[in-house]
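Trainee: Would you be able to build a 3D model of this:
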Amino acid sequence: MTTNPEIETTPAEEADGWLLYKRLLSYVSSQRLAISASIIGFIIFAATAPAANAWLGWTVDAIEAENYTELRI
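Mentor: Here you go, the predicted structure:
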């Protein structure tokens, strides 16, 4: 979604946006545990993705080199 620089928001519209945001947060406030768990899961996924890529690259290199002793863990 792009914003048009010619269209400016008024303070009343910004206040309405904040009220809407507060209302949406009130709906999800009872789900704090689920939201916290999902954020932690995203952090773990983001941290392990580079490690998985490195491991996969190591495995492919070992297979292409036909050095099967390096494939043993």
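
Trainee: Every contact and neighbour count from this point should use C-alpha atoms.
Mentor: Noted.

Trainee: Of all the residues in the host helix or strand of T48, which ones are buried?
Mentor: Using DSSP states H and E, T48 sits within helix 32-64. The neighbour-count check on helix 32-64 (16 or more other C-alpha atoms under 10 Å) flags nothing as buried.

Trainee: What's the mean pLDDT across it?
Mentor: Model confidence over helix 32-64, given as mean pLDDT, is 90.

Trainee: The helix or strand where V28 lies to helix 32-64, inter-axis angle?
Mentor: Using DSSP H and E, V28 sits in helix 11-28. Counting by axes from the mean of the first three to the mean of the last three C-alpha atoms, to 10 degrees, helix 11-28 points 80 degrees away from the direction of helix 32-64.

Trainee: Work out the gap between helix 11-28 and the centre of the chain.
Mentor: 24 Å (C-alpha atoms, centre = their mean, to the nearest Å).

Trainee: and if you look at stretch 34-49?
Mentor: 7 Å.

Trainee: Just want the most central residue of the protein.
Mentor: For the chain, F42 is the residue whose C-alpha lies nearest the centre (C-alpha atoms, centre = their mean; 5.1 Å).

Trainee: For I43, see how far away S36 is.
Mentor: For S36, the distance to I43 equals 11 Å [C-alpha to C-alpha, to the nearest Å].

Trainee: Now for these two: what residues contact both?
Mentor: Residues touching both S36 and I43 (C-alpha atoms under 8 Å, 6 or more residues apart in numbering): none.

Trainee: And the residue nearest to the centre of the chain, how close does it get to G57?
Mentor: From F42 to G57 the distance is 23 Å (C-alpha to C-alpha).

Trainee: Kindly report the same for E66.
Mentor: E66 is 14 Å from G57, by C-alpha to C-alpha.

Trainee: and if you look at S29?
Mentor: For S29 relative to G57 (C-alpha to C-alpha), the value is 42 Å.

Trainee: Also G41?
Mentor: Taken as C-alpha to C-alpha, the span from G41 to G57 is 24 Å.

Trainee: F45 now?
Mentor: From F45 to G57 the distance is 18 Å (C-alpha to C-alpha).

Trainee: A46: what's it in contact with?
Mentor: Counting by C-alpha under 8 Å, 6+ apart, A46 touches no other residue.
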